[in-house]
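Asks: Sequence and computational prediction follow.
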Amino acid sequence: MTVSPPGETWGENHLFEDEKQATLFLGALDSIFLFSYAVGLYLSGVIGDRVNLRYVLCFGLCGSAAVEFVFGTLTEWLHIYNIYLYCGLWVLNGLLQSAVWPCVVAVMGNWFGKTGRGFVFGLWSACASVGNILGAFLASSVLKYGYEYAFLVTSVVQFAGGVVVFFGLLTSPKEVGLSFGVRDRTQPGGDRTQTAIGR
């Protein structure tokens with residue numbers, strides 16, 4: 001495999017006239033992603049209340065992985081460089097990624113009682129930081145072969161995660177016939193027993 005130095009790769013592509021335009025474009029990409037993600041959080045919550053959470057999560061993860069593959073890998077392999085295509089793909093990526101957070105919060109709420117939610121959510125929320133560290137390490141480990149391989153590897157890992165969610169996630173204890181008692185000590189009369197589902 002022939003690896004081109006970054007300078008040659010940059011010189012061959014003329015999407016931007018100078019570094020300032022490239023920086024402005026990256027800022028625009030970041031802004032449209034955050035906007036679409038914010039809008040998507042509301043929409044995903046509404047959809048998650050009406051559709052099986054496992055399906056919504058799988059669709060969000062696998063769909064986002066596919067968009068990232070097209071955005072960073074396929075466009076390079078096919079030599080398609082279009083600012084409007086990149087922007088459209090990144091809006092779609094924000095909408096798809098937004099499906100994850102509200103649905104996962106709902107799943108976690110189904111499985112854990114009020115007395116343990118703080119600890120569980122605090123521990124689980126660390127996955128964002130750990131994921132950023134591992135993702136950066138994974139992407140940088142293949143970056144020497146070309147930036148498109150960073151997108152390829154991370155999108156494959158994310159797609160695999162969506163497949164695991166589809167085949168392995170139980171969204172609530174009710175799916176396996178569980179209805180175990182949980183003592184709620186946060187309310188007056190803390191000896192009252194609640195079931196793990198239907199709080």
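Replies: Happy to help now that I have it. Numbers count the residues shown, from 1 in each chain.

Asks: Walking through this protein, point out its strands one by one.
Replies: In the chain, the strands defined using DSSP state E lie at 181-183, 193-195.

Asks: worst average pLDDT in these?
Replies: Ranked on mean pLDDT, the bottom entry among the strands of the chain is strand 193-195, at a mean of 42.

Asks: check contacts around Leu157.
Replies: Slight slip there: residue 157 is Val, not Leu. For Val157, the contacting residues are Leu138, by CB atoms under 8 Å, 6 or more residues apart in numbering. Every residue, glycine included, has its C-beta placed from N, CA and C.

Asks: How far does stretch 46-57 stretch from one end to the other?
Replies: Counting by CA to CA, to the nearest Å, you get 13 Å between the two ends of stretch 46-57.

Asks: In it, which residues are buried?
Replies: Under the neighbour-count criterion of 16 or more other CB atoms under 10 Å, stretch 46-57 has 47-48, 53-57 buried.

Asks: Stretch 21-37 too?
Replies: Residues 29, 32-33, 36-37 are the ones in stretch 21-37 that count as buried (16+ other CB under 10 Å).

Asks: Pretty sure Val39 sits against Val46.
Replies: No - using CB atoms under 8 Å as the test, Val39 is too far from Val46 to be in contact (11.5 Å).

Asks: helices or strands next to the longest helix along the chain in the packing?
Replies: Selection of the longest helix in the chain by residue count, based on DSSP state H, yields helix 19-50. The elements that helix 19-50 packs onto, with contact taken as 3 or more CB pairs under 8 Å, 6 or more residues apart in numbering; DSSP states H and E, are helix 53-69, helix 83-97, helix 100-111.

Asks: Look up phi and psi at Tyr81.
Replies: Here the main-chain torsion angles of Tyr81 (degrees, to the nearest 10) amount to phi -130, psi 100.

Asks: Now do the same contact list for the residue nearest to it when sequence neighbours are not counted.
Replies: When the adjacent residues along the chain are set aside, Tyr81 lies closest to Leu15, with 4.7 Å between them (CB to CB, 6 or more residues apart in numbering). Contact analysis of Leu15 by CB under 8 Å, 6+ apart lists 22, 81, 83.

Asks: Would you mind checking which of the residues you listed the model is least sure about?
Replies: Within the contacts of Leu15, Ala22 has the lowest pLDDT, namely 84.

Asks: Surely that residue touches Phe16?
Replies: Yes - using CB under 8 Å, Ala22 makes contact with Phe16 at a distance of 4.3 Å.
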